[in-house]
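Undergrad: here is the input, now give the coordinates:
(one chain, ligands or ions: 1)
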Amino acid sequence: MMDVEVRQSKLVGGGRGLFAKKSFDTGDVVYTTSRPFVAELDTTRLQDTCAWCFRQPRCNDESANEETAVLPCAACKRVRYCSKTCQSKAWKREHKYECKAIAPQDRPDLPHGVRAVIKLLGRLQADPQGKDEQLIDILRFQPYADEGLLAAMKKAKPQRCEDFDMLAYGAWKYAGEPKIGDVDSLGLAKGFFYNVMNNTVSLSGMEDVSLGTGFDPIVCSANHSCDPNTIVVFNQPTLVVRALRPIPAGEEICIKYIDITNPRSVRQAELHDQYYFECKCSRCEQGSEAREDRFLKPIDQLNPTFSKVADGLIQRHTKQLERFAIGDNASPAQQRLAAISAEAFSVSGTTFDFNKGNEHASEDETRDALRLCLNSGMWDWARQPVPHLLRQLLVAKLSTGQTYAAWRIAAKMHFLTAPILFPTPSYPDRLLDAWTLANITNQLISPDDDALYREILRGGLDLRIVSAGLILEVHEHVTGSYGRDSPLGRAVEAAHRQLTAAMQISNEELREEIRRTWPKFEAVARSADVLNV
Ligand SMILES: C[S@@+](CC[C@H](N)C(=O)[O-])C[C@H]1O[C@@H](n2cnc3c(N)ncnc32)[C@H](O)[C@@H]1O
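TA: Numbering: from 1, shown residues only. Predicted structure coming up:
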């Protein structure tokens with residue numbers, strides 16, 4: 001018996017939605033499935049990730065030993081598994097329907113949507129009586145049967161529609177033009193393609209690295225809110241929906257489809273471009289009064305130097321100004337800030353139109369974009385795209401082995417962005433950030449960095465206590481999102497065990513040390529000059 005049900009939503013244009021059948025407390029599991037109904041690896045992950053459990057390179061399955069890397073399917077050599085058990089589960093449920101089609105080695109890897117549809121058609125063909133309930137659910141999941149939605153997509157993205165039609169046709173061909181009762185199987189393939197591919201959830205691993213995309217008829221029936229009452233986490237391969245706050249029975253369960261830390265105009269543009277609806281959630285209705293839209297000073301107080309810079313940027317970003325609109329962008333002051341936003345967002349690469357920009361932005365460009373926002377005196381550390389840019393700088397520092405610089409950025413984010421962007425301590429992004437900071441801190445307390453450790457200690461901050469405090473923090477809050485029985489939960493549990501075993505003081509004494517250390521840690525983090533690290 002499920003604790004949620006799918007029925008008509010009250011949201012304007014919301015179609016069907018997901019509803020709570022009982023009340024939930026913060027952190028409760030609202031819905032879980034052992035593996036999304038559709039779970040496809042990104043093509044770039046086919047060689048290093050198990051195509052069934054999504055773990056890299058081995059899972060906790062009993063038949064996998066420590067030496068087992070992911071091994072390829074002997075027949076198609078296109079997908080890999082970490083154990084016989086994973087391979088056998090995959091084969092029985094779906095791989096047998098695609099193995100032959102994807103085997104020819106002279107073909108490139110088929111896109112994940114095509115592979116998903118081949119397998120869905122195979123499963124449907126093998127179940128003419130409709131005994132598989134999830135398959136029935138998926139046939140009921142049809143937001144794109146709505147003529148209005150389809151028309152909106154055709155108008156906004158004619159090329160995408162053409163691609164979908166062509167790829168769905170290809171999938172149908174690869175599936176052997178299946179006969180499924182009296183059903184028009186090509187029409188079905190197209191319907192799947194639109195419905196499934198427009199509504200996937202992204203499946204990320206522990207370091208928030210994208211592994212692939214998933215689709216589950218229940219989770220994907222949840223509508224969007226920029227102030228969602230639940231979060232979705234992927235525990236390789238379990239999908240879990242948890243309550244972010246108390247939810248009374250009968251309330252609609254909403255998740256987030258996009259990055260909700262962005263300003264309203266960016267969120268609205270992304271929802272319109274990707275999902276073809278206008279969000280009217282409570283946060284969007286607050287307009288520019290919501291925190292993520294506010295600036296530090298009234299917008300006409302941008303200093304003359306930056307006004308001049310912004311005037312130059314208006315020209316460059318004319319086409320993007322609407323996406324970054326400040327109010328109605330009618331005044332020069334509004335346009336200037338919209339132009340600075342457009343410039344900095346384009347470097348951050350965090351709105352989907354700019355995905356390519358992200359890969360190309362250098363460390364210097366990232367720092368320049370940060371300076372543009374922060375030195376203008378209008379942005380604080382938690383207003384986007386500053387947090388996006390900080391994360392980008394952190395990744396750059398980590399990838400070039402500049403651990404101490406990375407630590408200072410991560411520490412700054414820990415105090416100045418995370419609690420503001422994600423007020424719930426168990427929020428997945430906040431937990432992952434704290435875990436990253438714990439790991440960077442651990443690197444700094446390794447014997448290799450002894451000199452640095454001692455220098456920081458002389459300044460009054462004991463990084464060993466900082467590390468312990470962060471591990472305890474993540475350990476305490478992981479239950480509210482990923483849960484203990486998850487890759488992150490297990491890693492944190494192991495770190496916690498190690499910490500407890502190595503402790504030479506009592507638990508109470510350690511907590512007292514942490515309590516005493518934290519204001520110093522916060523002061524160091526706040527004063528870190530991350531624009532010059
Ligand atoms: C993943 S589906 C959600 C389930 C869908 N409502 C259904 O009827 O099956 C996404 C689609 O639902 C609609 N939708 C989701 N959230 C919405 C919201 N807050 N307001 C209006 N429509 C929404 C949009 O049409 C969107 O493309």
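
Undergrad: low-scoring stretches of the chain, by residue?
TA: 58-68, 141-145, 351-359 (pLDDT under 70).

Undergrad: contact residues of it facing the ligand?
TA: Where the chain comes near the ligand, counting by CB under 6 Å from any ligand atom, the residues are 11, 13-17, 141, 143, 149, 199, 220-221, 223-225, 275-277, 279. (Glycine included, C-beta is placed from N, CA and C.)

Undergrad: switch the cut-off to 5 Å
TA: Contact residues, the chain versus the ligand (CB under 5 Å from any ligand atom): 11, 13-16, 143, 199, 220-221, 223-224, 275, 277.

Undergrad: other residues contacting the helix or strand encompassing A525?
TA: Using DSSP states H and E, A525 maps to helix 507-527. By CB atoms under 8 Å, 6 or more residues apart in numbering, the list of residues contacting helix 507-527 from outside reads 408, 411-412, 414-416, 459-462, 465-466, 468-469, 472, 500, 503, 505.

Undergrad: please flag which of these sit within helices.
TA: Using DSSP state H, the subset of these located in helices is 408, 411-412, 414-416, 465-466, 468-469, 472, 500.

Undergrad: now do the buried residues in stretch 490-505.
TA: Buried residues in stretch 490-505, counted by 16 or more other CB atoms under 10 Å: 490-492, 495-496, 499.

Undergrad: same check on stretch 319-338?
TA: Neighbour-count burial for stretch 319-338, counted by 16+ other CB under 10 Å, picks out 320-321, 323-326, 329, 333-338.

Undergrad: and which of these is nearest the ligand?
TA: Comparing the buried residues of stretch 319-338 against the ligand with CB to the nearest ligand atom places R323 closest, at 19.0 Å.

Undergrad: counting neighbours, what do you get for C284?
TA: As a burial measure, C284 scores 19 neighbours (other CB atoms under 10 Å).

Undergrad: repeat that for D184.
TA: 10.

Undergrad: next: M2.
TA: Number of residues near M2 (other CB under 10 Å) recorded here: 11.

Undergrad: just flag the most distant two among the buried residues of stretch 490-505.
TA: The largest separation in those, counting by CB to CB, is between R490 and L499 at 14.9 Å.

Undergrad: and the closest residue in space to F422 that isn't next to it in sequence, its phi and psi?
TA: Nearest in space to F422, with sequence neighbours left out and distances taken as CB to CB, 6 or more residues apart in numbering, is R430 at 4.0 Å. Torsion angles at R430 (phi, psi; degrees, to the nearest 10) stand at phi -70, psi -40.

Undergrad: quick one, domains of the chain?
TA: 70-202, 401-532 (the TED database).

Undergrad: in JSON lines, list those along with distance to T350.
TA: Formatted as JSON lines, these follow (distance: least, CB to CB, whole Å):
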{"stretch": "domain 70-202", "distance to T350": "14"}
{"stretch": "domain 401-532", "distance to T350": "13"}
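
Undergrad: so which residue of this structure comes closest to the ligand?
TA: For the chain, CB to the nearest ligand atom, closest residue to the ligand: G15, 2.6 Å.

Undergrad: gap between that residue and G191?
TA: Applying CB to CB, to the nearest Å, the value for G15 to G191 is 15 Å.

Undergrad: can you give me the strands for the stretch 1-150 of the chain?
TA: Assigned by DSSP state E, counting those that start in this stretch, the stretch 1-150 of the chain shows strands spanning 4-8, 16-20, 29-33, 38-41, 71-72, 80-81.

Undergrad: quick one: contacts of the fourth one?
TA: The contact list for strand 38-41, computed with CB under 8 Å, 6+ apart, reads 49, 51, 54, 79, 112-113, 115-116, 119-120, 196, 200, 203, 211-216, 237.

Undergrad: how distant is that strand from the center of its chain?
TA: 15 Å (CA atoms, centre = their mean, to the nearest Å).

Undergrad: list the neighbouring strands of it plus their orientation.
TA: strand 210-215 (antiparallel) (DSSP bridges).
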